[in-house]
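# okay, predicted coordinates and the sequence, questions at the end:
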Amino acid sequence: MEKIDQLAWPENYSDFSIKSPALTIFTDFTQVEPVVIEQSTSAVDVEYLMKKAHVRLKLVIDEAEQFIGLVTSDLLNHQEIMKKVSQGFVREQLSVIDFMVEKSALKAIDYGDLCHARIGDVVDTLHDAGEQHCLVVDHENHSIRGVLSANDIAKRLKLAVDVSTSTSFSVIFKAIYQPKQSVIPLSA
């Protein structure tokens with residue numbers, strides 16, 4: 001038997017470009033269960049769970065399981081928790097709701113528009129937002145259909161950006177549309 005030690009990964013067999021359909025880069029909640037957390041959950045616990053699971057985004061729900069916002073690993077990390085503690089909050093009493101972005105402050109794209117868009121259209125639309133994620137809403141069914149992630153787009157397009165840290169749509173826009181400039185030494 002020959003030695004085989006490499007795993008096949010979907011991204012190694014798929015070529016994506018800015019002209020690819022936008023639906024190929026969106027996390028569709030009709031296909032993938034959304035990652036949710038209740039608003040009252042301890043912020044310290046959620047920070048640990050997000051790190052352990054390598055999750056950068058959780059949708060926040062209330063007691064009735066209604067969507068009220070989202071929390072990211074950038075909003076909920078040790079440094080942000082310590083900022084709240086320095087403001088007089090008790091660390092153990094901090095909850096997800098203390099760090100989340102309320103749904104009214106979130107950017108969203110309509111699913112119907114996404115169906116007709118290309119990846120480049122999404123990047124163009126969201127590059128000024130400076131956000132890492134964008135919700136996809138289905139107005140026809142009155143639901144949050146999914147989410148777009150700047151990191152996922154960067155990975156799929158194989159862009160030269162560090163996806164181990166938070167990547168915003170503006171970083172992706174620059175990586176796609178602003179070519180590297182050569183440095184030409186000035187003669188003395």
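In hand now; what should we look at? Numbering: from 1, shown residues only.

# check contacts around Ile37.
Val46, Lys58, Leu59, Val60, Ile61, Val71, Val96 (CB atoms under 8 Å, 6 or more residues apart in numbering). For the C-beta atoms, the positions are set from N, CA and C on the backbone; glycine is no exception.

# so what pairs up with it in the strands?
Per DSSP bridges, the residues bridged to Ile37 are Val60.

# which element follows the helix or strand where Asp124 lies toward the C-terminus?
Counting by DSSP states H and E, the element that carries Asp124 is helix 119-126. Next helix or strand after helix 119-126 toward the C-terminus (DSSP H and E): strand 133-138.

# pLDDT below threshold where in the chain?
1-2, 9-14, 129-130, 160-173, 175-188 (pLDDT under 70).

# output the helix ranked longest in it as PDB, nothing but the C-alphas.
The helix spanning the most residues in the chain, taking DSSP state H as the definition, is helix 43-53. What follows is helix 43-53, C-alpha atoms only, in PDB (Å, rounded to 0.1, in the frame of the first residue of the first chain):
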ATOM      1  CA  ALA A  43     -18.700  36.700  29.300                       C
ATOM      2  CA  VAL A  44     -15.700  35.000  30.700                       C
ATOM      3  CA  ASP A  45     -17.200  31.600  29.900                       C
ATOM      4  CA  VAL A  46     -18.100  32.600  26.400                       C
ATOM      5  CA  GLU A  47     -14.600  34.000  25.700                       C
ATOM      6  CA  TYR A  48     -13.100  30.700  26.800                       C
ATOM      7  CA  LEU A  49     -15.600  28.700  24.700                       C
ATOM      8  CA  MET A  50     -15.000  30.800  21.600                       C
ATOM      9  CA  LYS A  51     -11.200  30.400  21.900                       C
ATOM     10  CA  LYS A  52     -11.400  26.700  22.400                       C
ATOM     11  CA  ALA A  53     -13.800  26.200  19.500                       C
END
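
# could you list the residues in contact with it?
Against helix 43-53 from outside (CB under 8 Å, 6+ apart): 37, 55-56, 58, 71, 73, 76-78, 81, 91-92, 94-96, 98-99.

# out of those residues, which are buried?
By neighbour count, with 16 or more other CB atoms under 10 Å, those hold 37, 56, 58, 71, 73, 76-77, 81, 94-96, 98-99 as buried.

# the strands in this structure, which residues?
With DSSP state E as the criterion, the chain has strands at 26-28, 36-38, 57-61, 67-72, 101-102, 108-110, 133-138, 143-149.

# would TSV of those with distance to Ile119 be doable?
Formatted as TSV, those follow (distance: least, CB to CB, whole Å):
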stretch	distance to Ile119
strand 26-28	10
strand 36-38	26
strand 57-61	19
strand 67-72	22
strand 101-102	24
strand 108-110	12
strand 133-138	13
strand 143-149	10
